[in-house]
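Engineer: sequence and predicted structure are below.
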Amino acid sequence: MNSSEPVQAELATFLALILFMVISLGLGVVANYMGRVKSGFLKSYFLGNRSLGAFAVALTAAVMSGGTFLGFPSLVYKYGWVVGLWICSYMVVPITVLGVLGKRIGQLARRTGAITLPDFFRERFASPMLGLITSILVIFFLTCNLVAQFKGGGLILKLVLPQSVHAMIGTAEPGKSAADKMASVAAAASDEGVQKPDQPAQKTATQPEPPKFRANTWEDRAYVLGLVVFSVTVIFYTAYGGFLAAIWTDVFQSLVMAVGVIILFPLAMNAAGSINTGTMAGITQTGDDSYAFGPGAQRAFHPIGLAVSFFVMWAISAMGQPSTLVRLMAFRDTHAAMVHHLPDALQSDDLYPADHDFRLCPANSAESGQER
Amino acid sequence: MPPETPTPPEDPVYINSLKDARFGMTFWAIATTVVCGLSYILGYQQSGRKLTAADIQPIFGIPRWFFISVLVPWVLCSIVCVVYAGFIMTDEDLGTDHTEELEQEIQEGKDVHELV
């Protein structure tokens, strides 16, 4: 197949997503059933009976976010290799989180019988007011965080809607393939685009116009549909299955991501030629050698002072995230928490660098397509 | 003379957690210094030193600075994490879980002040 032909993979992508959502919902139902079998509703619903094993602790990190799927790739496309330094402090996250907080949080949660984070602070410091303040802070900051996650989910679902659904709701864009739509996301995520204003793009006669990004507003019916489907799915399996459902779907998503990277990495390498060819294509497209260096192409995206700050942000301050702390309250025993370092290390060692590398390759594929 | 308060026995979980925390924070400080330091020296544009495409010098297709400053430390960190967790960190008894008591008190409708 000529690589310049549009990839019409919408139906397969859509079916894969439907399957993914059905499995997530199914995990919620099974988790609900498991919770009923064991005694103690609160402990079961909110903490999965404190039964998280090593793999569950390792694969349920709070990195499965809109940032992982949309933000990080767009930064790689735009600024290049320095984004690897931006994310790399995850290399020390397992040891800082477990070393500094792990055992003590697990111990104090059991000693106080705490089920939620506000419980924990209220019981540990014997202060109902502190529990209340914790609740308010958690609700406020997680709401801000979740707005971005739900928007990301709605956007992804909008992109994989097949043309027939777009036609049904009156948002069809004739001739737009899944590949075109994914390119829209990259363009949208980049607020300035990768081309300098004073360096016009080197277009050939056969190169199509880049797809225009449509703002995701309430008037955009495809986006609203995606947002509704995403929200209903996530809220259902979380509310119905409780903590265990959230953990199982996290593990499931991690495994899907790992398999996806394992499959896509060689395919991307094959399409691009090599990682270095992808780097050179990135330099050509941005017109800036700094695509391969720090602090990044086009502008100082990640100066070295910020790099140090990100080591503090990812590895130190992120350990206090409610989603991380509640997992520390829920691990089965310290052995599980200790053993989780192995899958965690494998995950962080393979997923992010491989993800980063193959993100660089489609840029080169597009370049090759233009040359042909 | 007031009677002496008996010193409670030291909690082994607390002692070992403190040791783990010290190791974790030291390890973090070293990793931050090495990764950011090497990245700045090898891979950052600096005044008076303009890096160009010729300076990429790829290793397995990856720019040399990134391979040395980020990927190698990443692999080493993961090895250290696994070794520390597997062979140095101690397994602890985290004590009795009192969640059932709290749940029972909530079901009986006890006031939160009574719980504290």
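Structural biologist: Sure thing, it's come through. Note that this is a predicted model, so its numbers are computed, not measured.
Engineer: when you work out contacts or count neighbours from here on, use the C-alpha atoms and nothing else.
Structural biologist: Noted.
Engineer: can you give me the helices in chain B?
Structural biologist: For chain B, the helices defined by DSSP state H occupy B:12-43, B:64-66, B:72-83, B:99-107, B:112-115.
Engineer: helices or strands next to the third one in the packing?
Structural biologist: This means helix B:72-83. helix A:341-371, helix B:12-43 (3 or more Cα pairs under 8 Å, 6 or more residues apart in numbering or on different chains; DSSP states H and E).
Engineer: would you single out the least confident of those?
Structural biologist: Mean pLDDT across the helices and strands packed on helix B:72-83 is lowest at helix A:341-371; the value there is a mean of 52.
Engineer: quick one: low-confidence parts of the chain?
Structural biologist: Went with chain A since none was named. Residues of chain A meeting the criterion pLDDT under 70: A:1-10, A:37-40, A:54-64, A:170-219, A:335-372.
Engineer: think we crossed wires, I meant chain B
Structural biologist: Looking at chain B by pLDDT under 70, you get B:1-3, B:8, B:109-116.
Engineer: now for the spatially most central residue of it: which residues touch it?
Structural biologist: Geometric centre of chain B, nearest residue: residue B:24, 4.3 Å, by Cα atoms, centre = their mean. By Cα atoms under 8 Å, 6 or more residues apart in numbering or on different chains, the residues touching residue B:24 are A:95-96, A:99-100.
Engineer: ok, now how distant is it from residue A:98?
Structural biologist: Residue B:24 is 8 Å from residue A:98, where distance means Cα to Cα, to the nearest Å.
Engineer: now swap in residue A:317 and tell me
Structural biologist: 13 Å.
Engineer: tell me the contacts of residue A:276?
Structural biologist: Contacts of residue A:276 (Cα under 8 Å, 6+ apart): B:58, B:61-63.
Engineer: in what helix or strand does it lie?
Structural biologist: Under the criterion of DSSP states H and E, residue A:276 resides in helix A:275-286.
Engineer: these two touch, right, residue A:153 and residue A:230?
Structural biologist: Yes - taking contacts as Cα atoms under 8 Å, residue A:153 lies within contact range of residue A:230: 6.1 Å.
Engineer: from the stretch 101-250 of chain A, which residue is nearest to chain B?
Structural biologist: residue A:113 (3.8 Å; Cα to the nearest Cα).
Engineer: I'd like the distance between that residue and residue A:42.
Structural biologist: 11 Å.
Engineer: what's the answer for residue A:168, then?
Structural biologist: When residue A:168 is compared with residue A:42 (using Cα to Cα), they lie 44 Å apart.
Engineer: of the two, which one has the most company?
Structural biologist: Just comparing residue A:168 and residue A:42: by other Cα atoms under 10 Å in any protein chain shown the higher neighbour count belongs to residue A:42, 20 against 9.
Engineer: report whether stretch B:39-48 contacts chain A.
Structural biologist: Yes - residues of stretch B:39-48 contacting chain A under Cα under 8 Å from any Cα of the partner chain: B:39-40, B:43-45.
Engineer: can you pick the most crowded of these?
Structural biologist: The residues of stretch B:39-48 next to chain A, ranked by neighbours (other Cα under 10 Å): first place residue B:43, 26 neighbours.
Engineer: that residue against residue A:294, yeah?
Structural biologist: Yes - assessed by Cα under 8 Å, residue B:43 is found in contact with residue A:294 at 5.8 Å.
Engineer: count of neighbours near the residue nearest to residue A:75 when sequence neighbours are not counted?
Structural biologist: Once flanking residues are discounted, residue A:75 sits nearest to residue A:83: 6.6 Å by Cα to Cα, 6 or more residues apart in numbering or on different chains. Here the count is done by other Cα under 10 Å, and residue A:83 has 25 residues near it.
Engineer: hmm, residue A:76 and residue A:83 touching each other?
Structural biologist: Yes - between residue A:83 and residue A:76 a contact is recorded at 5.8 Å, counting by Cα under 8 Å.
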